[in-house]
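Novice: sequence unknown, structure follows:
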Ligand code: NDP
């Protein structure tokens, strides 16, 4: 038995990293998936690799209302419905407040907070009509504890938590669940760009003494996507190897 047989999912930022790992596991579990990414060509290639009509890649900037509406529309047009929405697209623009520009602050807030809101709103509209659905927002442990040099990112990821809970309350009576995941240090392009010193400092805080793999976030997303989490909404699940428990 597969956990997501016949389900239709959309993953933003799905061309690589955690988003691609989530899409890959969803397909392995029987879902068909739309990968919506700023890099449309990379999304197309990733979808091709996921194989035989099970995935569709499309260009989407999550900060653009029309792009998000079109990505949700593409899922419904191609596959007939939308059961799972993963708001995963994200960036970092790290600097201490002494050096961070207002543009870098706003850009990070826009991609994470506005992007997640647009995705939640567009998917929620379709799911409300269907009477079912699961929305999964990728926050970060930075939104719980705050990271030095990440006032923008920490604010954005905490914002996603509040939004998740508010949306969960609005959509619960329509059969739509909204939950969030807070990953810790996960091995992707985003974190491999970190200076070695910063990487070592984070490692020292992790009781399990290792970074997580994207597949270890994907398995929690799969749990939230499927009926095994049917009585969970507004929850925030930490995937951190015990960091900041
Ligand atoms: P990656 O940088 O590997 O992947 C992010 C993806 O998002 C890329 O494909 C990127 O496209 C895409 N993207 C960026 N901006 C936009 C946009 N405006 N619209 C659509 N897509 C966009 O990062 P991760 O896989 O590591 O991160 C995925 C999520 O997990 C993010 O929200 C991140 O904040 C969160 N997270 C990651 C952690 C980690 O340790 N890696 C820890 C905690 C949370 P492109 O390549 O074209 O830029």
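Specialist: Yep, it's here. Treat the numbers as computed from the prediction; the structure is a model and nothing was measured.

Novice: can you tell if stretch 104-113 touches the ligand?
Specialist: Yes - part of stretch 104-113 sits near the ligand under the criterion CB under 6 Å from any ligand atom, namely residue 111. (Glycine included, C-beta is placed from N, CA and C.)

Novice: Just the mean pLDDT for the longest helix seen in the chain, thanks.
Specialist: Longest helix in the chain, counting residues (DSSP state H): helix 151-171. Helix 151-171 carries an average pLDDT of 99.

Novice: Give me the helices and strands touching it, please.
Specialist: For helix 151-171, the packing partners by 3 or more CB pairs under 8 Å, 6 or more residues apart in numbering; DSSP states H and E come out as helix 102-109, helix 115-130, strand 133-138, helix 142-145, strand 176-183.

Novice: Now do the buried residues in that helix.
Specialist: Residues of helix 151-171 classed as buried: 151-161, 163-165, 167-168, 171 (neighbour count, 16 or more other CB atoms under 10 Å).

Novice: could I get the helices and strands packed on helix 151-171 as a markdown table with distance to residue 13?
Specialist: Below are these laid out as a markdown table (distance: least, CB to CB, whole Å):
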| stretch | distance to residue 13 |
| --- | --- |
| helix 102-109 | 14 |
| helix 115-130 | 9 |
| strand 133-138 | 8 |
| helix 142-145 | 17 |
| strand 176-183 | 13 |
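
Novice: Any figure for the gap between residue 61 and the ligand?
Specialist: 5 Å (CB to the nearest ligand atom, to the nearest Å).

Novice: same check, this time on residue 193
Specialist: Counting by CB to the nearest ligand atom, the gap from residue 193 to the ligand is 9 Å.

Novice: Ok, residue 146 next?
Specialist: Note on residue 146: its distance to the ligand, by CB to the nearest ligand atom, is 13 Å.

Novice: so that residue touches residue 154, yeah?
Specialist: Yes - using CB atoms under 8 Å, residue 146 is in contact with residue 154, at 4.5 Å.

Novice: average model confidence for stretch 184-203?
Specialist: 92.

Novice: quick one: buried residues of it?
Specialist: Under 16+ other CB under 10 Å, the buried positions of stretch 184-203 are 184-188, 191, 199, 202.

Novice: Give me every residue in this structure lying close to the ligand.
Specialist: So far as CB under 6 Å from any ligand atom goes, the chain lies against the ligand at 12-13, 15-19, 37-39, 60-63, 88-91, 111, 138, 140, 183, 185-186, 188-191.

Novice: tell me the SS of the residue lying farthest from the centre of the chain?
Specialist: Relative to the centre of the chain, the most outlying C-alpha is that of residue 98, 29.5 Å out, by CA atoms, centre = their mean. Of the three states, residue 98 takes coil according to DSSP: H, G, I helix; E, B strand; the rest coil.

Novice: returning to what we had before: show me the buried residues of stretch 184-203 that map onto helices.
Specialist: Among the buried residues of stretch 184-203, the members found in helices (DSSP H) are 191, 199, 202.

Novice: Please look at the first one and residue 212 and confirm they touch.
Specialist: No - the pair formed by residue 191 and residue 212 falls short of the contact definition of CB under 8 Å, at 9.8 Å.

Novice: Spit out the residues that contact these two alike.
Specialist: Listed as contacting both residue 191 and residue 212 by CB atoms under 8 Å, 6 or more residues apart in numbering are residue 185.

Novice: going on from the helix or strand harbouring residue 221, what's the next piece of helix or strand?
Specialist: Per DSSP states H and E: residue 221 is located in helix 214-225. Where DSSP H and E defines the elements, the next helix or strand beyond helix 214-225 is strand 236-239.

Novice: just to revisit the earlier point, I'd like to know how far the residue farthest from the centre of the chain sits from residue 156.
Specialist: Remark: distance between residue 98 and residue 156 (CB to CB, to the nearest Å) = 20 Å.
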